[in-house]
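Undergrad: Sequence and predicted structure, then a few things I'm wondering about:
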Amino acid sequence: MYEHNPAGKFQGGLSVAVPGELKGLHEAWEKYGKRPWKELVQPAIDLAEKGFRVSPFLAYEMEQSEDAISRDPGLREKFMKDGTLLQPGDLCRDLQLASTLQKIADEGPSVFYNGPVGRDLVADIQDKGGIITLEDLQGYTVQRRTPISKKVMGREIITMPPPSSGGVGALLVLNILAQYGELSGPLGLHRMVEALKEMFAMRMGLGDPDFEDVEPVVDAMLADVVARYLKNTIDDNTAHDPFFPIQ
């Protein structure tokens, strides 16, 4: 899907997978929760409704994406005022999100997966070139998968398996950095950034295990020999491009 468009994995409609977090959280609450569902959602409603102050870092990130924000009606409404980006200290609110969260608090996940919220979401995704359908939302079921675990830097790390790439990706980065021992100062940051680039390049081979055989890629990303090889491709005096193929 992303072979000829690597950036599509990170931005645009094709970067959006079927959202399962809400249904997963609700199922976990049904099985293990003790507090009322509405009580758990309320802090998120309050944050969206009352807002938060824009930090210098957020202001910087918005400035880097000003063109994209100004072209998107939804982003423009949230992060711009009178045609100008919000500045550090400005109040950022999202009343539409607060309204959506209130519906989820009152009615549960069904309003998202089988109701108007889901229909609006699918329309937005498809408008941006995505392929998710309302049937994808309605047919989503929570799957319990065996977590991935690996001992890195003297710690046993237990994390999520595919289709998420975050868990195996984090383990790969940590394993690369473990080859250096001490990490500090500007050189340590350089090595961390380069290790992240190695991981982002390698995770392009991942996908949904229900449809693709991702086990060889996962095994490679967890292998110590691969981490050592990738560490040796990192040059302390040069930097890889943000997108580059691993040879």
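TA: Sure, I can see it.
Undergrad: Can you name the residues in contact with stretch 66-85?
TA: Here stretch 66-85 makes contact (Cβ atoms under 8 Å, 6 or more residues apart in numbering) with Ala59, Met62, Glu63, Leu86, Asp90, Cys92, Asp94, Gln96, Asp124. All C-beta spots, glycine's among them, are computed from the backbone N, C-alpha and C.
Undergrad: Report all helices and strands that the longest helix seen in the chain contacts.
TA: Counting residues, the longest helix in the chain under DSSP state H turns out to be helix 185-202. If contacts are counted by 3 or more Cβ pairs under 8 Å, 6 or more residues apart in numbering; DSSP states H and E, helix 185-202 sits against helix 166-178, helix 215-222, helix 224-233.
Undergrad: most surrounded residue in the contacts of stretch 66-85?
TA: Neighbour tally across these (other Cβ atoms under 10 Å): the maximum, 20 neighbours, falls on Met62.
Undergrad: what residues are up against that residue?
TA: Residues near Met62 by Cβ under 8 Å, 6+ apart: Val54, Ile69, Phe79, Leu85, Leu86.
Undergrad: now do Lys128
TA: Counting by Cβ under 8 Å, 6+ apart, Lys128 has contacts Gly12, Gly13.
Undergrad: Could you check how far it is from Pro73?
TA: Applying Cβ to Cβ, to the nearest Å, the value for Lys128 to Pro73 is 12 Å.
Undergrad: can you check Lys81 too?
TA: Taking Cβ to Cβ as the measure, Lys81 falls 14 Å from Pro73.
Undergrad: just the strands in the chain please.
TA: For the chain, the strands defined by DSSP state E occupy 52-53, 80-81, 84-85, 91-92, 148-152, 155-159.
Undergrad: Figure out which of those strands is closest to Asn232.
TA: With Cβ to Cβ, the closest approach to Asn232 among these belongs to strand 148-152: 18.0 Å.
Undergrad: quick one on the thing from earlier: comparing Lys81 and Pro73, which shows the higher neighbour count?
TA: Lys81 (14 against 8).
Undergrad: domains of this structure?
TA: 13-51+93-139, 148-233 (the TED database).
Undergrad: remind me which residues of this structure are low pLDDT?
TA: Applying pLDDT under 70 to the chain picks out residues 1-3, 243-247.
Undergrad: Nearest residue to the middle of it?
TA: In the chain, the C-alpha nearest the mean C-alpha coordinate belongs to Gly166, at 7.7 Å (Cα atoms, centre = their mean).
Undergrad: now the helices for the chain?
TA: 21-32, 37-50, 56-64, 66-71, 73-79, 95-107, 110-113, 116-127, 134-138, 166-178, 185-202, 215-222, 224-233.
Undergrad: what angle separates the longest one from helix 166-178?
TA: Right, helix 185-202. 140 degrees (axes from the mean of the first three to the mean of the last three Cα atoms, to 10 degrees).
Undergrad: List the buried residues for helix 185-202?
TA: Applying a neighbour-count criterion of 16 or more other Cβ atoms under 10 Å, one finds His190, Arg191, Met192, Glu194, Ala195, Leu196, Lys197, Glu198, Met199, Phe200, Ala201, Met202 buried in helix 185-202.
Undergrad: likewise the shortest one?
TA: When burial is assessed from 16+ other Cβ under 10 Å, helix 110-113 yields the following buried residues: Val111, Phe112, Tyr113.
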